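# have a look; sequence and predicted model below, questions after that.
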Amino acid sequence: MKHLAYLNKFFFKYRWRMLPGIIFVITSNIFGVLPARVIRIAFDLVSENIGVFRLFNGFERQELVYQIFGTSLLFFGALVLVLALIRGILLFFMRQTIILMSRHIEYDLKNEIYNHYQKLSMSFYRKNDTGDLMNRVTEDVSRVRMYVGPAIMYSLNTVVLFALVIISMVSVNLKLAFFSLLPLPIMAVIIYYIHSSINVKSEQIQKQLSKLSGFVQENFSGIRVIKAYGREKHIREKFADESEDYKEASLDLVQVQAVFYPVLMLLIGISTIVTIYIGGTEVINGSISAGNIAEFVVYVNMLMFPVMSLGWVTSLIQRAAASQKRINEFLKTESDITSVTLPEYTMKGEIEFRNVTFIYPDTGIVALDNVSFTVKPGQFMAIIGRTGSGKTSIANLIMRMYDPTSGTILIDGTPLKEVDLNRYRNNIGFVPQDVFLFSDTIANNIAFGERVTDMAKVYQAAKDAAVYNNIIKFEHGFETMVGERGVTLSGGQKQRVSIARALIKSPKLLIMDDCLSAIDTKTEEEILRHLGANLHGRTSILIAHRVSTIKNADITLVFDHGKIVEQGNHHELLKRDGVYKLLYDRQLLEEEITEEK
Ligand SMILES: Nc1ncnc2c1ncn2[C@@H]1O[C@H](COP(=O)(O)OP(=O)(O)OP(=O)(O)O)[C@@H](O)[C@H]1O
């Protein structure tokens, strides 16, 4: 429960919705209880007037008595209707205030969690899987909403209604009040246990359903592999097995639910019988009137729903507490990358790694081992090396996705930790190794880092990334949607759109991580030619696998096992006759063989 205390700030924020809400709960219950008294009066009127009616048997006056009697009953009927109507209006406002408040809190909480997510570093995202992150913003927040809305509303309602009904009952007859209320606690306990069992089973079904949809999603994504390997039958059988588990869990739930309502009806019936029996003996004793029995039967029935909902509300609160605990865990997580905020920042583009060692925090893999190098402003630096040698880790550290385990990274002579990260990243154009395009138009994907989409700049960036001619061939040109709902771009086209996204920023520092791998050598040359023309005054770092890509680099670092094993320009490296020369010769040979074919 203490976890839910976090939400109190929202109750305070929305106090002007909550307070009227409470007033509506109280008044609606007053109007809920009043009809029972009207019914009592009407009942008593019937029993009293029947005597009078019979007394006038055979007289003309009997007709008049009947008319007065009928009109009075009609009046009471109309009164009950009016009271119900007023109660209905008040209930409407009760929901309009409290449930509306819960929707506002849900909105605020979702935004708060999402904003917090945005501040957290890459290592956080590595540690937590996407499904879990999404669940906290969606499912957990929904469960918390059930607490701040329905649970609070029904709890308030129950407390107020019980107070009013008990006062009314006791003021009539203490003994009858005691016996009428006696079955209710027993009923609450039974309903609580049945409800808990329903909850456990519903959770099982939910889990099974998530597993099933995860299975389906993965298989739809990998449908090409499934078809290519002819595994459709096998997958179909696996799906049937998973569905079978889901079906079993659902049947289990139906069984418990089937017990729930008959048990409930039985308990309500018992309560009513007890009320009528004890009430009857009290009428015989002369301590209450027959109308009081009717009044009590109405009270008992009025209490049924709150008692029924008690189990439900308890489980709502328990679930919300568990969800809020998970949400609090995340909200308390601090980013391990913190930044200073500076009023201004201009970047020249010098990068220096001084004895940098980097171990990935989650796996303990030593990605970089005592690496030192300097890139001067405007220089073109290339990084080459075997897979897993630490090239991407260099890019990650320059982007400050992670901080080095030891050593220092200096930007224009200032340690990176002392640089305003937001402004710094705004000066960088980064093309990651795994291309990611949003489900949006090509133009918006290219202009992603820009505040406003300037089409002239979008076109120029697309031309520089050698993808312009491809895009204009699409039916909707730059307005073509990409991603799940749009066209599927080829691997090379995606890479070039991703390059255009970096180029449009005219960054001071351009980092391209192996982003020319799916592009043919001719297009690659075209891009490099454009880049060459635009690179003046801007530092660029190109991570590549092909030596041909980086021949023109001012300096090339050759990586192996997280260390720089060679460095220099193309000619210097060839002269050294080391790893670089070996790579170059091997690639030349591969190219010759391909050409001969
Ligand atoms: N996010 C990560 N968490 C943990 N370990 C990682 C992570 N990324 C990379 N590694 C590990 O760090 C080492 C260096 O990886 P890195 O991605 O820097 O290599 P790379 O030279 O860029 O490889 P490639 O050419 O295949 O992209 C590898 O052993 C890899 O398994």
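Ah, there it is.
# which SSE is the residue in the stretch 51-200 of the chain positioned nearest to the ligand in?
Nearest residue of the stretch 51-200 of the chain to the ligand: Arg126, at 5.4 Å (CB to the nearest ligand atom). Where you see a C-beta, it was placed from the backbone N, CA and C, and this is true even at glycine. Assigned by DSSP states H and E, Arg126 belongs to helix 122-127.
# next secondary structure after that helix?
Heading C-terminal from helix 122-127, the first helix or strand you meet, by DSSP H and E, is helix 130-137.
# buried set for the next helix or strand after that next one?
Note on helix 130-137: by DSSP H and E, the next helix or strand toward the C-terminus is helix 139-146. By 16 or more other CB atoms under 10 Å, the buried positions in helix 139-146 come out as Asp140, Val141, Arg143, Val144, Arg145, Met146.
# confidence score at the residue of the stretch 51-200 of the chain closest to the ligand?
Per-residue confidence (pLDDT) for Arg126: 80.
# hang on, it packs against Asp362?
Yes. At 5.2 Å, Arg126 counts as touching Asp362 under the criterion of CB atoms under 8 Å.
# neighbour count winner among the two?
Applying other CB atoms under 10 Å to Arg126 and Asp362 shows that Arg126 carries more neighbours, namely 14 against 9.
# who's in contact with the more buried one?
Asp362 (CB atoms under 8 Å, 6 or more residues apart in numbering).
# what's the mean pLDDT across whichever helix or strand Met94 is part of?
Secondary structure from DSSP H and E places Met94 in helix 61-119. Across helix 61-119, pLDDT averages out at 91.
# what is that helix packed up against?
Of the remaining helices and strands, those touching helix 61-119 by 3 or more CB pairs under 8 Å, 6 or more residues apart in numbering; DSSP states H and E are helix 8-13, helix 15-55, helix 130-137, helix 139-146, helix 152-172, helix 290-332.
# between the longest one and helix 15-55, how big is the angle?
Relative orientation of helix 290-332 with respect to helix 15-55: 170 degrees, computed using axes from the mean of the first three to the mean of the last three CA atoms, to 10 degrees.
# angle of helix 290-332 against helix 130-137?
Between the axes of helix 290-332 and helix 130-137, defined by the same axes, to 10 degrees, the angle is 130 degrees.
# the fourth one now?
Relative orientation of helix 139-146 and helix 130-137, computed by the same axes, to 10 degrees: 20 degrees.
# just how off-centre is helix 139-146 within its chain?
10 Å (CA atoms, centre = their mean, to the nearest Å).
# output it as CSV, nothing but the C-alphas.
In CSV, the C-alpha atoms belonging to helix 139-146 read as follows (Å, rounded to 0.1, in the frame of the first residue of the first chain):
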residue,chain,number,x,y,z
GLU,A,139,-0.7,-2.2,-18.4
ASP,A,140,0.7,-1.0,-15.1
VAL,A,141,-0.6,2.5,-15.5
SER,A,142,-4.1,1.1,-16.4
ARG,A,143,-4.1,-0.9,-13.2
VAL,A,144,-3.1,2.1,-11.2
ARG,A,145,-6.0,4.0,-12.9
MET,A,146,-8.4,1.4,-11.7
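# quick one: average confidence on that helix?
92.
# what is that helix packed up against?
Under the contact definition 3+ CB pairs under 8 Å, 6+ apart, helix 139-146 sits against helix 61-119, helix 290-332.
# same thing but 10 Å
helix 61-119, helix 130-137, helix 290-332 (3 or more CB pairs under 10 Å, 6 or more residues apart in numbering; DSSP states H and E).
# now do the third one
With contacts defined as 3+ CB pairs under 10 Å, 6+ apart, the secondary structure elements packing on helix 130-137 are helix 61-119, helix 139-146, helix 183-221, helix 290-332.
# dump these to a markdown table, plus distance to the ligand.
Formatted as a markdown table, the helices and strands packed on helix 130-137 follow (distance: least, CB to the nearest ligand atom, whole Å):
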| stretch | distance to the ligand |
| --- | --- |
| helix 61-119 | 18 |
| helix 139-146 | 26 |
| helix 183-221 | 21 |
| helix 290-332 | 20 |
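# surely Ile50 meets Phe69?
Yes. Under the criterion of CB atoms under 10 Å, Ile50 makes contact with Phe69 at 8.6 Å.
# neighbour-wise, which of these two wins?
Phe69 (17 against 11).
# which residues in the stretch 301-450 of the chain form helices?
Along the stretch 301-450 of the chain, the stretches classed as helices by DSSP state H, counting those that start in this stretch are 391-398, 421-426, 442-446.
# nearest to Leu209, of these?
helix 442-446 (33.2 Å; CB to CB).
# send me that closest one as CSV with only the CA atoms.
The C-alpha trace of helix 442-446 is given here as CSV (Å, rounded to 0.1, in the frame of the first residue of the first chain):
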residue,chain,number,x,y,z
ILE,A,442,10.5,9.4,-46.2
ALA,A,443,10.7,13.2,-45.9
ASN,A,444,9.9,13.1,-42.1
ASN,A,445,12.4,10.3,-41.6
ILE,A,446,15.1,12.4,-43.2
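# I'd like to know which elements it is packed against.
With 3+ CB pairs under 10 Å, 6+ apart as the test, helix 442-446 has helix 455-464, helix 468-472, helix 491-503 packed against it.
# show me where the stretch 401-550 of the chain has strands.
Per DSSP state E, counting those that start in this stretch, the stretch 401-550 of the chain carries strands over the ranges 406-411, 414-415, 428-431, 509-513, 539-544.
# okay, now the sheet partners of the last one, with direction.
What it means is strand 539-544. Under the criterion DSSP bridges, strand 539-544 sits next to strand 380-385 (parallel), strand 509-513 (parallel) in its sheet.
# distance between the ends of stretch 50-66?
Criterion CA to CA, to the nearest Å; first-to-last residue distance in stretch 50-66 is 9 Å.
# what do you get for stretch 503-523?
So stretch 503-523: terminal residues 16 Å apart, CA to CA.
# from the helices and strands packed on helix 61-119, which stretch is densest packed?
Using mean count of other CB atoms under 10 Å, the stretch among those with the largest mean neighbour count is helix 139-146, at a mean of 21.
# so how far is stretch 375-383 off the chain centroid?
Averaging C-alpha positions (CA atoms, centre = their mean) puts stretch 375-383 42 Å from its chain's average.
# what residues of that stretch count as buried?
For stretch 375-383, a neighbour-count test (16+ other CB under 10 Å) marks Val375, Gly378, Gln379, Phe380, Met381, Ala382, Ile383 as buried.
# do it and the ligand meet?
No. Taking CB under 6 Å from any ligand atom as the criterion, stretch 375-383 and the ligand are apart, separated by no less than 8.2 Å.
# what mean pLDDT does that stretch have?
92.
# okay, it in CSV with CA atoms only?
Extracted C-alpha coordinates of stretch 375-383, given in CSV (Å, rounded to 0.1, in the frame of the first residue of the first chain):
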residue,chain,number,x,y,z
VAL,A,375,41.2,13.4,-34.6
LYS,A,376,41.7,17.0,-35.5
PRO,A,377,38.8,19.3,-36.6
GLY,A,378,37.9,18.7,-40.2
GLN,A,379,39.9,15.4,-40.4
PHE,A,380,38.5,12.3,-42.0
MET,A,381,39.2,9.3,-39.8
ALA,A,382,38.4,5.7,-40.7
ILE,A,383,38.2,2.7,-38.4
